[in-house]
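Participant: Please work out how this folds:
(chains A and B)
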Number of protein chains: 2
Amino acid sequence: MAQAQTPISFETSSDRYRHWRLEVQGDTARLVWDVQENWPLRPGYVLKLNSYDLGVDIELADAIQRVRFEYPDVRVVILTSLKERIFCAGANIMMLRQSSHAWKVNFCKFTNETRLAMEDASWHSGIRFLAAVNGTCAGGGYELALACDEILLVDDGNSSVSLPETPLLGVLPGTGGLTRVVDKRRVRRDLADYFSTLVEGVKGKRAVAWRLVDAVHPTSQFQTAVQRRARELARTSSRTGRGPGITLGPLAPRIGDTTVDYSTVSLSFDRERRTGVLVVRGPSGRQPATPDDILQAGDRFWPLLAFRELDDALLRLRMHEPEIGTVCIRTEGDPEAVHATDTLLLEHREHWLVREIILLMKRSLKRLDLTSRTFFAIIEPGSAFAGSLFELALAADRSYMLDDADGANAVRLSGMNGGLLPMSNALSRLQARFLAEPDKASRLLEHEGPFGTREAEEEGLVSFAPDEIDWDDEVRLAVEARAAFSPDALTGLEANLRFAGPETMETKIFGRLTAWQNWIFQRPNAVGERGALKSYGQQGRPEFDWKRT
Amino acid sequence: MAQAQTPISFETSSDRYRHWRLEVQGDTARLVWDVQENWPLRPGYVLKLNSYDLGVDIELADAIQRVRFEYPDVRVVILTSLKERIFCAGANIMMLRQSSHAWKVNFCKFTNETRLAMEDASWHSGIRFLAAVNGTCAGGGYELALACDEILLVDDGNSSVSLPETPLLGVLPGTGGLTRVVDKRRVRRDLADYFSTLVEGVKGKRAVAWRLVDAVHPTSQFQTAVQRRARELARTSSRTGRGPGITLGPLAPRIGDTTVDYSTVSLSFDRERRTGVLVVRGPSGRQPATPDDILQAGDRFWPLLAFRELDDALLRLRMHEPEIGTVCIRTEGDPEAVHATDTLLLEHREHWLVREIILLMKRSLKRLDLTSRTFFAIIEPGSAFAGSLFELALAADRSYMLDDADGANAVRLSGMNGGLLPMSNALSRLQARFLAEPDKASRLLEHEGPFGTREAEEEGLVSFAPDEIDWDDEVRLAVEARAAFSPDALTGLEANLRFAGPETMETKIFGRLTAWQNWIFQRPNAVGERGALKSYGQQGRPEFDWKRT
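Facilitator: Numbers count the residues shown, from 1 in each chain, chains lettered A, B, ... in the order given. Here you go, the predicted structure:
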C-alpha cells in the first residue's frame, strides 16, 4: 500500500493547521473546523462537508495539546464549524474505502486516543469542552461531540445528530460512539438502538429528550446560548493556571533507514528479524529545582521532552513499521536523576504545568499499553529503570533483568509509580501487576532505595532474572520465539492480558467496541467487493451474506 | 456447509452420554470424561486424547444441569478423566479446522456459557467444582479446569497445564482462558504472557507458584488428596437441598419445516424475509401453591418448563437458522397467572428447587442477551408481558406496544424484575435500562398493578407505542428495515448497546475476549490456506502476513 510508504509526521503546530483554527481569548478557546476539501493526507479522496481523515485529526490532537500547555488560562473550549449548516459529515468514507485494514485500525485507534485526551483534559485539567453543533452532525462528527462535556445543537428544522454507519456502511461508529451513547450519556439502550439505525438521525426536542444532546436552540439564539453556556462551563473549571504558557517546539527526529532518533529517545529496527529497540535516556546535566525553573526550561524539561518523544516514536512505530512485532525497551542514564525528577514532579504536582506534564506522561504510557506490539523490557547495568521510567518495564509484556555477578544492576520505584500514571482501567501498573496481593503495591512503594536483581525478582517486579551465563541466549531466544508467532494471535493475547481488573469506559472502547469493529472491518459484508463500505455511493445495493454470527 | 444441514439436538440425558460419566455418591458427584474417539458430532475428525467437540460439551452442560436439579444433595463435583495421564487435549483441532466461521463462533459461545454455568452453580447454588487434573491438560482442557473452584494437578514429572493456542494454532484460547488466568486466578500478567506462549505448559511447583493451579500432588498421593480436598470444599457449600430431586424429562419439540414447537414456546420462521417469531405462553390451569406442589409438578412446573424450552429454542435458532436475523418476541396467556407464579417463586426463593428454577431462568435470559440476533418485543392485547416474562421485553433491542383504543393492553412488573434475574454485567435489566436514573428501577417496582400503554411509554418501559392506525405499518417497517442491514454490523452494534454499565469477568469474556477471537478466526494468519490453524499438524510451517494490527 502506498500508505505505508510515505512516512507521515504526527507533528504540526497552530500556524500550520489547514483544517482547524485555534482562537484563544481570555479563558475561552474556539476550536473551529473548516476542512479543506483538497488537502487530504493521501491522494484519492476529497474531504467534503467537514469529513475528516488522519491529517485532520492530527491537527485536532495537536490543538488540544497546545491548549493545555500554551494557554494555561483557558477554561473552556468551544468546538464548532465554520461551514454553514454543516458541523461534520464524519470520517471520510472514500478514505476508509481505499484504506488497508491496518490503516483503518490505526486511524480509529488514534482518533479514539484523541477523543479520550479531550475527556482527560476536562476531567483532570479542568478544561471544559462544549460542542456547538451548528449544523448536520453525522457519524464521527457526533462521536467528536460525544467526547465533549456538553453538546448544544442548533434547532433549524434540519440539523440532526446521527450515527448512520450501520445502515449506510455496514460498520460500527468506530470512535467510541456506541459506548459513549449508552455509558457516558446513558441514553436508554432501546432508543440508542433505534437512533443508531436511523440514517437521518434525531433532531430538535427529541434529541434532548433522548439525552443525545444537552440542549437545542433556534438559529437566531444559537450563538448567544453557546456563549452563555461556555461562560457557565468555564466557572465549573478547576483549572488554576495563569499565562504565559510554554511553547511546544518541534521534536524533529532524525529519520534514518532503520532508525528514528530524538534527543532522549531512539527507535531502531531490524526488519529482517522483525524486531526493534526503543531506548529512552534519562535526564543529564543540571535539572530544574522549582516550578519557575520548569517554566523556564519549557519543552526542554526532561520528562516533558522524553514522554513527548516516546509518544511520537510509538505513533511512528504503529503507522510506519507494521512488521516490527517485537520491541525491546531499554533505558540509559542515571536512575537517581530520574528519581530526583520524579520527586520534583510529585512535590509540585498541583502546579498547572507540572500537572500537565504528569498527565502527558500518563497518556504516553497509555499509548504504549495500547500499541499492538510485543514489548520486552531489558534491564541491564547502566539502565535507568527508576520511577516513571520503571513504568516502561511495568507496561512491557515481560521484563528481563540481568543477574550480574557484581550486583550493580538495579531498578527503583518512586512515588510516580503510586497512581499518578494509571492505565486505561484506572489502576496503577503496580496495582494491575499485583491484583492477587492488594497490599503489595503500597508496601513496595515504601521500600527505600533500589532493588537489586534478586530482590526485584523475588518481589515480582521483573519477570525473569537470568545470570550472565544464560542472559544472552535467554533474551535472544525469547525475542526470536515471540517474533515467530502469529501477529494476530499476539495482538489478541496482549489485548486480553494487559488489562486485567476493572473495566472503564476507556477500556470498553478499546476492548469491546474496537475488537468488534476490527472484526467487522474484516468481513466481506463491509469490505468485500459488494460490501456496504465498498459499494456506498455507487449504483446498486450492497450484497450481504445474511448469516448472523 | 454440511454442519448447518443436519439439525443437532442440545438435549441429552445421563443414560445417553457417550463421553462422560456422572457418578453420584452422597454429597459428591464425579464427572468423569473418557471421550470416545469415534463418536464425533460430525464426520471428519477423531476425538483423540479427550479432545472435545460440541457433542462432548452438550453432555457436559447437561450433566451440570442434572446435578443441580436431580441431585440436591450434591455439594461438590470432582471433574476428572478416565484416561491415563491425559486430562484433556483441548478443543479438537481438526473439528475447528473444518468448521465454518459461524460454527466456530457458536461453538465457543456455547462452551463459554457452559463454563459460566459451572461458576454460577458454585457461586449461587453452592455446588463446588474441583478439577482433578490427572494428566496432561492443554488449551480448552485447562480452560475447563479454570472454570472450577480449584485445580489439583498430578505431579508425575510430565503432566502440565498449558494454553498452546497462540504458539501452535495462531488463535486465542477461546473459552475464557486468558480472562480467567489474569482476572479469576489473578496470575501476574507477565507470567500469564509467558505461560500463554509455552507449548509445553507449566507443571509442578512452578504451576502452583504462578497460581496456575492450587496444588500439585505426586501420583501415589493424588487420589487421596483429591478426596480430602473434595471433602473440605463440600464443607464450604451453602447448599441446603436434600434428595430426592426432580427429573428433567425430554423437551422433545415438534420440528416442522419452519417451526419448532414446544409445550409453552413456539419458534417460527419466514426464511424469505429472514425473520422469526418467538412466542412464550404463560401458565394455565391450576398452578402449584407450595414448594411441595412444585416438587410434585417437577419439570412440568411452568417457569422451569417455559425457560428450559426458551433456552433450547435459542440454541436451535443460533445453530440451525443462521439467516433468521430479526426475531419478534410475543407472549400469550394470563399476565396475572405469570405474576402469581413469580410471587410464589419469590416467596420460596430459599428453597433449593425454587432457587435452581430462578437461576435457570436467569441463565436462559442471559442466553437471550448473548444471542446475536435482533429481538423486538411485540406487545399486544392478550399478551402476558408480566414480571419474569416482561424480562423478555427488557432483553429485546426494542419493544413496540400497541396503544389500543380501549386501553386493554398492559404490561406489569413483579419482584422478579428486581434483581434475581441479572444480566452478565450483574445489573438487573431495569437497572441497565435506567442507568441515567438510578432510583427509577426501584420506584417502578413499587407500582401496584399493570401499566397501560401510555403509562408504560411515559415511564420508559417500552420503546414505542403506535396507535391502531400506525401499528401494522410501523412494526412491519421496523422489522423490514432491520432485516435489510448488514448482519455483521448489527451483531457488533447489539453487543455494544446491550451491555451498558459495569463489566464483569463474564462480560469481559463475551465482549473483549470473544470479539478478539472472532477477529482472529477471520484472519488468513489463522484460517488461510497456509494459516496456523489450517496447517497445524501438516508438513511445513504456517506462513504469516507479518503486519501487526
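
Participant: what's the distance between A:Phe510 and chain B?
Facilitator: 9 Å (CB to the nearest CB, to the nearest Å). Every C-beta, even on glycine, is put in place using the N, C-alpha and C of the backbone.

Participant: so how many other residues sit close to that residue?
Facilitator: A count of nearby residues for A:Phe510, using other CB atoms under 10 Å in any protein chain shown, gives 24.

Participant: Spatially nearest residue to it, not counting backbone neighbours?
Facilitator: Nearest residue to A:Phe510, sequence neighbours excluded (CB to CB, 6 or more residues apart in numbering or on different chains): A:Leu370, at 6.0 Å.

Participant: Surely the one you found is in contact with A:Lys109?
Facilitator: Yes. Assessed by CB atoms under 8 Å, A:Leu370 is found in contact with A:Lys109 at 6.7 Å.

Participant: any residues in contact with both of these two?
Facilitator: Counting by CB atoms under 8 Å, 6 or more residues apart in numbering or on different chains, the common neighbours of A:Leu370 and A:Lys109 are A:Phe510.

Participant: related to what we said a few turns ago, the residue nearest to A:Phe510: what's it in contact with?
Facilitator: Each residue near A:Leu370 by CB under 8 Å, 6+ apart is listed here: A:109, A:113, A:424, A:510.

Participant: Now the element after the helix or strand containing the second one, going C-ward?
Facilitator: Element membership for A:Glu113 (DSSP states H and E) is helix A:101-125. If you walk from helix A:101-125 toward the C-terminus, the next helix or strand you reach (DSSP H and E) is strand A:128-133.

Participant: quick one: contacts for A:Thr197?
Facilitator: Applying CB under 8 Å, 6+ apart, the residues near A:Thr197 are A:166-167, B:481-482, B:485, B:493.

Participant: May I ask which helix or strand of chain A has the lowest mean pLDDT?
Facilitator: In chain A, no helix or strand scores lower on mean pLDDT, DSSP states H and E than helix A:2-5, which sits at a mean of 45.

Participant: What's the first helix or strand after that helix?
Facilitator: Using DSSP H and E, the helix or strand that directly follows helix A:2-5 along the chain is strand A:20-25.

Participant: how near is the residue nearest to the spatial centre of chain A to chain B?
Facilitator: Nearest to the mean C-alpha position of chain A, counting by CA atoms, centre = their mean, stands A:Glu113 at 2.9 Å. To chain B, A:Glu113 is 16 Å away according to CB to the nearest CB.

Participant: Not counting residues beside it along the chain, what's closest to that residue?
Facilitator: A:Glu113 sits nearest to A:Arg367 (CB to CB, 6+ apart), 6.5 Å away.

Participant: Let's see the host helix or strand of the one you found as CSV, backbone CA atoms only.
Facilitator: Using DSSP H and E, A:Arg367 falls within helix A:352-369. C-alpha atoms of helix A:352-369 as CSV (Å, rounded to 0.1, in the frame of the first residue of the first chain):
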residue,chain,number,x,y,z
TRP,A,352,-0.6,23.7,36.4
LEU,A,353,2.4,22.9,34.2
VAL,A,354,3.6,20.1,36.4
ARG,A,355,0.1,18.7,36.3
GLU,A,356,0.0,18.9,32.6
ILE,A,357,3.4,17.2,32.3
ILE,A,358,2.3,14.3,34.5
LEU,A,359,-0.9,13.9,32.5
LEU,A,360,1.0,13.8,29.3
MET,A,361,3.3,11.2,30.7
LYS,A,362,0.2,9.2,31.7
ARG,A,363,-1.2,9.5,28.1
SER,A,364,2.0,8.4,26.5
LEU,A,365,2.2,5.4,28.7
LYS,A,366,-1.4,4.5,27.9
ARG,A,367,-0.4,4.8,24.2
LEU,A,368,2.3,2.2,24.9
ASP,A,369,-0.3,-0.1,26.6
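
Participant: quick one, what contacts A:Asp149?
Facilitator: A:Asp149 makes contacts with A:122, A:128-130, A:233, as judged by CB under 8 Å, 6+ apart.

Participant: among the contacts of A:Leu370, which two are most distant?
Facilitator: With distances taken as CB to CB, the most widely separated pair in these is A:Lys109 and A:Ser424, at 12.2 Å.

Participant: and A:Leu79, what is it in contact with?
Facilitator: A:31-33, A:129-132, A:144-145, A:148.

Participant: Check A:Arg523 too.
Facilitator: By CB under 8 Å, 6+ apart, A:Arg523 lies in contact with A:531, B:488, B:522.

Participant: Among the residues you listed, which one has the most neighbours?
Facilitator: Highest neighbour count within the contacts of A:Arg523: B:Asp488, with 30 neighbours (other CB under 10 Å).

Participant: contacts for stretch A:498-509?
Facilitator: A:112, A:116, A:176, A:179-180, A:183-184, A:369, A:397, A:423-427, A:431-432, A:435, A:511, B:182-183, B:186, B:189, B:502-503, B:507-508, B:511-512.

Participant: Chain B contacts on the stretch 101-250 of chain A?
Facilitator: Within the stretch 101-250 of chain A, the positions near chain B by CB under 8 Å from any CB of the partner chain are A:101-102, A:105-106, A:165-167, A:169-172, A:178-179, A:181-183, A:185-194, A:196-197, A:211.
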